[in-house]
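S.K.: The amino acid sequence is not available; the structure is as follows:
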């Protein structure tokens, strides 16, 4: 059975598809003013149903560890036309999540099934690095052992900026995964501040136009019914 949930978030038309056995989401980005930037953003202030895993923590997606929950998380973003986008996300590292050492823990981020980057990041900057980077991504260390509020006491935070991500018309799937980790008590990871931006093509309807149409449809249907 499929369930469809529709909502509006700051002018973003959001449609969530829940499929039995697995949650697959489609955040439908439509109804933006012509010439502005199309934006998908989730800071996990509230857990959203359009992620393949919903954590009990508010403020970030996590803590994640394949020994207790999942080794990968997925979100689907649906757009009406082909776009070139920029994507950013914050990687949170908990406890002794490893960089490049004897026990390297590897993050893999992929877009539509193609690997955009792999890397290993911990609270030790000396052993943090991108292992493969076909997308030309950049990484900025946000903190080490001094976490800001809302990230569950993560020991490290790194922001990844992935440029020129090709979005196809329809649903685009983004996946973050980690190689098998040690016990949950030893290490875990999480995500925060996932954002996708893209320049809009000409001809995308403004939110006001779309909203007026949605309001008008029930009125037109009512008038037609009364005439009968």
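M.R.: That came through fine. Everything numeric in this text was worked out from a predicted model, so none of it was measured.
S.K.: can we go C-alpha only for contacts and neighbour counts from here?
M.R.: OK.
S.K.: Flag every buried residue along stretch 102-112.
M.R.: Applying a neighbour-count criterion of 16 or more other Cα atoms under 10 Å, one finds 104-112 buried in stretch 102-112.
S.K.: Residues contacting that stretch, please?
M.R.: 97-99, 115-121, 165, 172-181 (Cα atoms under 8 Å, 6 or more residues apart in numbering).
S.K.: if you look at those residues, which of them are in helices?
M.R.: Using DSSP state H, no member of the contacts of stretch 102-112 falls in helices.
S.K.: circling back to that earlier point, can you list the buried residues of stretch 102-112 in a markdown table and add distance to residue 41 and secondary structure?
M.R.: Shown next, in a markdown table, are those (distance: Cα to Cα, whole Å; DSSP: H, G, I helix; E, B strand; the rest coil):
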| residue | distance to residue 41 | secondary structure |
| --- | --- | --- |
| 104 | 30 | coil |
| 105 | 27 | coil |
| 106 | 25 | coil |
| 107 | 21 | strand |
| 108 | 20 | strand |
| 109 | 17 | strand |
| 110 | 18 | strand |
| 111 | 16 | strand |
| 112 | 18 | coil |
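S.K.: tell me the contacts of residue 85?
M.R.: Contacts of residue 85 (Cα under 8 Å, 6+ apart): 163-167, 196-199.
S.K.: quick one, helices of this structure?
M.R.: Using DSSP H, helices in the chain cover 207-227.
S.K.: Quick check, central residue of it?
M.R.: residue 194 (4.6 Å; Cα atoms, centre = their mean).
S.K.: Show the pLDDT at it.
M.R.: Per-residue pLDDT puts residue 194 at 96.
S.K.: So which of the contacts of residue 85 are in strands?
M.R.: 163-167, 196-199 (DSSP state E).
S.K.: No further questions, thank you.
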